[in-house]
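J.: got a sequence here, can you build the structure:
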Amino acid sequence: MNSYIMSLLLFSMSIGTVITAASNHWFLAWMGLELNTLAIIPLLSKTHHPRATEAATKYFLTQSVASALLLFATMLNASYTGEWTIINMQTPIPTLMLMIALMIKLAVAPFHLWLTDIIQGLNLAACLIVLTWQKLAPMALLIQASPEMNPMLITSLGALSMLVGGWGGLNQSHLRKIMAFSSIAHLGWMIIVVPYLPNLTLLNLLVYLMMTSSIFLMMMTFLTTNMNKTTSSWMKNLPLFSMMTVILMSLGGLPPMSGFIPKWMILEELIKQNMTSLATLAITSTLLSLFFYLRLSYITSLTTSPSPLNSKLMWRLKLNPNLTISSIIIMSTMLLPISPSIMNLM
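T.: Coordinates of the predicted model:
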């Protein structure tokens, strides 16, 4: 793809997200979502492969349905209340339709099948965009509109998403599918605490973005898409490969890595809200997710792939990480000591 066209698409995607996050009018927020979607679609299909074209088409159809449902819900709410402001969703039916539209855009269970279906046909850069940047605009709308939504329904969808994300990743061998189910599980953690403390949702989102970005940047450095290729990545860059194992543990929420911060805070908030059963369910789903992170870490770090002897000279490729991936790795692993300061800022 031409570099000018790529720059224009990335700029449009960024502007659409900023417009949606900064607006308090539903029509302006919808315009930002559409601009974001239309900029992402060419980025998904830029490899000119049939599977990439299929993935972009499915993404377009799914996002179009969600956007149409969101616009219809806001128009229906405006006909009842006479206002288009985001914080004024007072009628139950439009609010329910709005919540379903946002859950489809975020790929929260049971509206998650489109994400796991398209993610396998995309390259790693497109997967990174879909699993990170694409979540920002719908999550901003959900945080703003969450006080008007049914808290029990939101927490139920969050709990279901955690279980689906944990169970779905158990039998996967492709890294992109594993990261897709990891995204579904992390979104479940974000969703369950939205009605009670939206700042924790924002903190969880930021930590998730850092961890997922670091994993995908390392996968792009190693050129790995499945477990078999990952087992030979230690020959390319051993220190970077070792950090990949650590960040996988951070995704699982093990202390003292950064991924432990949001889970710790969310469980504390659930217990304060007398939702001990939901906290127990969240811990159980974390064990499911931790299992496939541990399995991936075991395969990548404790086993050696069957390979000819001369393949050990792959270190001559000099795959050195740049400053961006180094800084993201540090933030993905070492934020726990400053977690009180982070919470004060939130």
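J.: what packs against the lowest-mean-pLDDT helix or strand in the chain?
T.: Within the chain, confidence by mean pLDDT, DSSP states H and E is lowest for helix 339-345 among all helices and strands, at a mean of 73. In terms of contacts (3 or more Cβ pairs under 8 Å, 6 or more residues apart in numbering; DSSP states H and E), helix 339-345 is packed against helix 198-222, helix 260-272. No exception for glycine: its C-beta is placed from N, CA and C like everyone else's.
J.: of these, flag the one that's most buried.
T.: Scoring those by mean neighbour count under mean count of other Cβ atoms under 10 Å gives helix 198-222 as the most buried, with a mean of 21.
J.: tilt between it and helix 260-272?
T.: 150 degrees (axes from the mean of the first three to the mean of the last three Cα atoms, to 10 degrees).
J.: helix 198-222 packs against which elements?
T.: helix 124-131, helix 136-145, helix 175-192, helix 238-252, helix 260-272, helix 323-333, helix 339-345.
J.: following that helix, which helix or strand shows up next?
T.: helix 227-230 (DSSP states H and E).
J.: how about residues contacting that next one?
T.: Outside helix 227-230, the residues within contact range by Cβ atoms under 8 Å, 6 or more residues apart in numbering are 173, 174, 175, 222, 223, 224, 296, 299, 300, 305.
J.: from those residues, which is closest to residue 327?
T.: residue 222 (18.7 Å; Cβ to Cβ).
J.: not counting its neighbours along the chain, what's nearest that closest one?
T.: Among residues not flanking residue 222 along the chain, residue 233 sits closest, at 4.2 Å (Cβ to Cβ, 6 or more residues apart in numbering).
J.: so how far is residue 134 from that neighbour?
T.: 27 Å (Cβ to Cβ, to the nearest Å).
J.: for this protein, what's the longest helix?
T.: helix 50-81 (DSSP state H).
J.: now the helix or strand harbouring residue 17: how far from the chain's centre is it?
T.: Element membership of residue 17 [criterion: DSSP H and E] is helix 3-22. What separates the centre of helix 3-22 from the centre of its chain is 19 Å, taken as Cα atoms, centre = their mean, to the nearest Å.
J.: before we move on, what about stretch 23-36?
T.: 21 Å.
J.: thinking again about what came up before, adding distance to residue 101, write the helices and strands packed on helix 198-222 out as TSV.
T.: As requested, the helices and strands packed on helix 198-222 are exported to TSV (distance: least, Cβ to Cβ, whole Å):
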stretch	distance to residue 101
helix 124-131	18
helix 136-145	9
helix 175-192	14
helix 238-252	28
helix 260-272	24
helix 323-333	31
helix 339-345	31
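J.: and of the ones you listed, who's closest to residue 17?
T.: Nearest to residue 17, of all these, is helix 136-145, at 4.8 Å by Cβ to Cβ.
J.: and the contacts of that closest one?
T.: Identification of contacts with helix 136-145 by Cβ under 8 Å, 6+ apart yields 16-17, 20-21, 24, 29, 32-33, 36, 86-87, 89, 95, 98-99, 102, 105-106, 190-191, 194, 198, 201-202, 205.
J.: ChimeraX command for the buried members of those residues?
T.: Per 16 or more other Cβ atoms under 10 Å, the buried members of the contacts of helix 136-145 correspond to this ChimeraX selection:
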select :16,17,20,21,29,32,33,36,86,89,95,98,99,102,105,106,190,191,194,198,201,202,205
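J.: and the closest residue in space to residue 77 that isn't next to it in sequence, how far from residue 19?
T.: Of all residues not flanking residue 77 in the chain, residue 94 sits nearest, at 3.9 Å (Cβ to Cβ, 6+ apart). Distance, residue 94 to residue 19, by Cβ to Cβ: 22 Å.
J.: what about those two, which has more around it?
T.: Shown here are residue 94 and residue 19; by other Cβ atoms under 10 Å, residue 94 has more neighbours (22 against 19).
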